[in-house]
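Engineer: Structure here, sequence nowhere to be found:
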């Protein structure tokens, strides 16, 4: 039998020695027991035993021959029974898992009845199944959660035991409450709504895209966690009239606290430096905003731009109704939704009472404005059996995401004007939904924004623009901006591609109608910007012989375009938009920032230069490797430029290693 003499409260981690005494066939044996206390405030049994091989009368304490040094500790007795020191009352009460006998109560006797101790685990293990153990663990977790909740409630409602509260709980002015439960540390962050409750009004400011002062104001408000309404008059153009009426000029930024004009960046800096901004803010925003304050931008068309109807629209409407549009056989191919040139001439003569020569001239004019196209792109318009189709019947239309049921029949705007608007609205989107360095983009936020909805409306103006009227710099900026905008639109609309096959489809199948032709990300990059060169790992050029888009392609390649094209990946250059007036300087700046960030590293000991894999893919645009290294020195910081100059100047070999490319999305 086992003799239990008492229980001892010990600190966690300490050890004790005990002696286990057993009797078998009149022979008494003892065994030294070594116990480590793993948890704070947990009790453990203490064993007392007599000397080895001695007879002991368990009912006669006088017969106990245990030496004093063998005794570790004895728990005091009350009414003749040993008392167990109880754990913290906030701890959950232990419950035996299903299949085990109940845990012993804290008192040896209850209501005069002796307590039956539970069996050891080895004796009752056969009664335990694995689902029961799982439920036991789950119940213990729930009990712990309930204890934490009760403990937290006691912090708020318990008025007693101030000393205990002072010892166990620390409260800070920052709204953080910390307390401990049997070795478990819990920190609760309490939300502080005091500032939000004080500010009942609204902060508004008028801005423009790519404005340095507007960026400073925006950053100032964000750093202080202050909510504000930004009205970008490049996006909401009719609001410029309101700005002039309220301030007397169109200068931005202009800040309003409720309906009161505060001023621009100078006024904001002055008040901030004097330390009175917070007081002024409370004073002006202590009451709710009135209806006289600048209204936040809302869904709708508040710019009410007058669209001039194309003079040819009336003729086109008649032709759409009267022409026999059907599938035809031409050059052993089935050509869908087309009509013959002579059929259109006959309709024009009959309905507009004009001669045949005049009818042919009208047909050529319709072709130049991209209302109709030759089915194979062979000519503008001729009388005879040549086949033509309307723009909305082109086979690439289903892949064009700026087509919304019908073509834009309004008088085409100049391509440079549409390009400038695209730059401004996308820059405004990035200022609101991208990080300051433009390396991370909030695509979900963009998709829900009013600015993006207006962008989707804007790109319908691209249907019939005249791209041949653009200068080289205007064309370069136009297509760089269009490419980066299309990437954002594509990720929002079709999702980011995960594998190589999906990426190839992503760059080829997401298209826009621009100037009467279809343009994908691939055709813009390799067909237009790279002067119709093959893309990496491709055997064919984007544009074949006779393709009308060859007239739009740039005559030569500027290799710096690769540092201005963002494809939505972590390793690609940050997304940015360019102006035609400063395109060269802006591309050099983009290249400089790219190389300074991660596009190039130098290991002097290994005589190795680590370059972005973009240079390997488009090596034909950059030239020989030594030429590349000499060229990029102009775009490096002083440290990297010095190391690379040393490697190139000492006459030794230089190894070039291309970095791994991170295809993860830049969100």
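Structural biologist: Yep, that arrived. Values in this document were obtained by computation on a predicted structure and should not be read as measured data. Numbers count the residues shown, from 1 in each chain.

Engineer: Is residue 523 in contact with residue 542, as I believe?
Structural biologist: Yes. Shown here, residue 523 and residue 542 form a contact pair, counting by C-beta atoms under 8 Å, at 4.7 Å. In this view, the C-beta of every residue, glycine as well, is placed from N, C-alpha and C.

Engineer: shaky segments in the stretch 451-600 of the chain?
Structural biologist: The stretch 451-600 of the chain contains no residues with pLDDT under 70.

Engineer: which stretches of it form strands?
Structural biologist: Using DSSP state E, counting those that start in this stretch, the strands found in the stretch 451-600 of the chain span residues 511-514, 517-520, 600-603.

Engineer: now these in JSON lines, with distance to residue 642 and mean neighbour count?
Structural biologist: JSON lines is the format used below for the strands of the stretch 451-600 of the chain (distance: least, C-beta to C-beta, whole Å; neighbours: other C-beta atoms under 10 Å):
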{"stretch": "strand 511-514", "distance to residue 642": "45", "mean neighbour count": "26"}
{"stretch": "strand 517-520", "distance to residue 642": "42", "mean neighbour count": "22"}
{"stretch": "strand 600-603", "distance to residue 642": "9", "mean neighbour count": "18"}
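
Engineer: Dump those strands to CSV, plus distance to residue 626.
Structural biologist: Putting the strands of the stretch 451-600 of the chain into CSV (distance: least, C-beta to C-beta, whole Å) gives the following:
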stretch, distance to residue 626
strand 511-514, 39
strand 517-520, 35
strand 600-603, 15
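
Engineer: Ok, which of the ones you listed comes nearest residue 270?
Structural biologist: strand 600-603 (43.1 Å; C-beta to C-beta).

Engineer: Not counting its own residues, what contacts that closest one?
Structural biologist: With contacts defined as C-beta atoms under 8 Å, 6 or more residues apart in numbering, strand 600-603 is touched by 608, 609, 610, 611, 612, 632, 636, 640, 643, 644, 647, 659.

Engineer: Excluding chain neighbours, what is closest to residue 515?
Structural biologist: Closest residue to residue 515 apart from its sequence neighbours, by C-beta to C-beta, 6 or more residues apart in numbering: residue 467 at 4.3 Å.

Engineer: same question, residue 298
Structural biologist: Ranked by C-beta to C-beta, 6+ apart and with sequence neighbours excluded, the top spatial neighbour of residue 298 is residue 450, at 7.1 Å.

Engineer: gap between the one you found and residue 631?
Structural biologist: 43 Å (C-beta to C-beta, to the nearest Å).

Engineer: Same check on residue 666?
Structural biologist: Here residue 666 is placed at a distance of 26 Å from residue 631 (C-beta to C-beta).

Engineer: next one: residue 214
Structural biologist: As judged by C-beta to C-beta, residue 214 and residue 631 stand 35 Å apart.

Engineer: neighbour-wise, which of the two wins?
Structural biologist: Neighbour count, other C-beta atoms under 10 Å: between residue 214 and residue 631, residue 214 has more, with 23 against 14.

Engineer: Help me confirm that the more buried one comes into contact with residue 253.
Structural biologist: Yes. With contact defined as C-beta under 8 Å, residue 214 counts as touching residue 253 (4.7 Å).
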